[in-house]
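K.L.:
Structural data only, the sequence is not supplied:
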C-alpha cells in the first residue's frame, strides 16, 4: 500500500519528502510524478512506507500540516483504476474501424 500526498509545493524533491516521512518510519519509495509535456511536477506524490503502522503515523502527523508554505493532504492512496485502452472505435474482436 502507499500514501497519497497532495497539495505539494512544486519545489518539493524526493530527498526532502523522504526526509520528512522518515520521521514516521522507513520510507521504501517516493514517486513524484511530472507532467509529460512540461516536465513540471504535478503537485502530488506517492510514498511507500515499511508498515501499515508507519503509514498511519505519517497520516496522523502530516495530514493538514503546513510544509513548504502549503497545507499537506496525506491519506491512503486509492488503487489505480483500469482506464481501458486509449484506442478509439474498436469492435468485439479488437480491430479498429474507420467510418
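P.N.:
Done, it's in. Quick caveat: nothing in here was measured; it's all calculated off a predicted structure. Residues are numbered from 1 along each chain as shown.

K.L.:
Tell me which helix or strand residue 53 sits in.
P.N.:
Using DSSP states H and E, residue 53 sits within helix 52-62.

K.L.:
after that helix, next one along is what?
P.N.:
Using DSSP H and E, the helix or strand that follows helix 52-62 in sequence is strand 66-67.

K.L.:
from the chain's centre, how far out does that next one sit?
P.N.:
Using CA atoms, centre = their mean, to the nearest Å, the mean C-alpha position of strand 66-67 is found 17 Å from that of the whole chain.

K.L.:
Give me the sheet partners of whichever helix or strand comes after it and which way each runs.
P.N.:
The helix or strand immediately downstream of strand 66-67 is strand 70-71, counting by DSSP H and E. Take DSSP bridges as the rule and strand 70-71 pairs in its sheet with strand 66-67 (antiparallel).

K.L.:
Dig out what residue 74 forms beta bridges with.
P.N.:
With DSSP bridges applied, residue 74 shows beta-bridge pairing to residue 5.

K.L.:
For it, give me its contacts.
P.N.:
3-6, 58-59, 62-63 (CB atoms under 8 Å, 6 or more residues apart in numbering). C-betas here are computed from N, CA, C, even on glycine.

K.L.:
Any idea how far apart the tips of stretch 10-26 sit?
P.N.:
Stretch 10-26 has its terminal residues 24 Å apart, counting by CA to CA, to the nearest Å.

K.L.:
Now the buried members of the contacts of residue 74.
P.N.:
The neighbour-count test (16 or more other CB atoms under 10 Å) marks 3, 5, 58-59, 62 as buried among the contacts of residue 74.

K.L.:
what are the ranges of the strands in this structure?
P.N.:
3-6, 27-31, 44-49, 66-67, 70-71, 73-76 (DSSP state E).

K.L.:
Nearest to residue 13, out of those?
P.N.:
strand 27-31 (9.0 Å; CB to CB).

K.L.:
what helices or strands is the closest one leaning on?
P.N.:
Judged by 3 or more CB pairs under 8 Å, 6 or more residues apart in numbering; DSSP states H and E, strand 27-31 is in contact with helix 14-21, strand 44-49.
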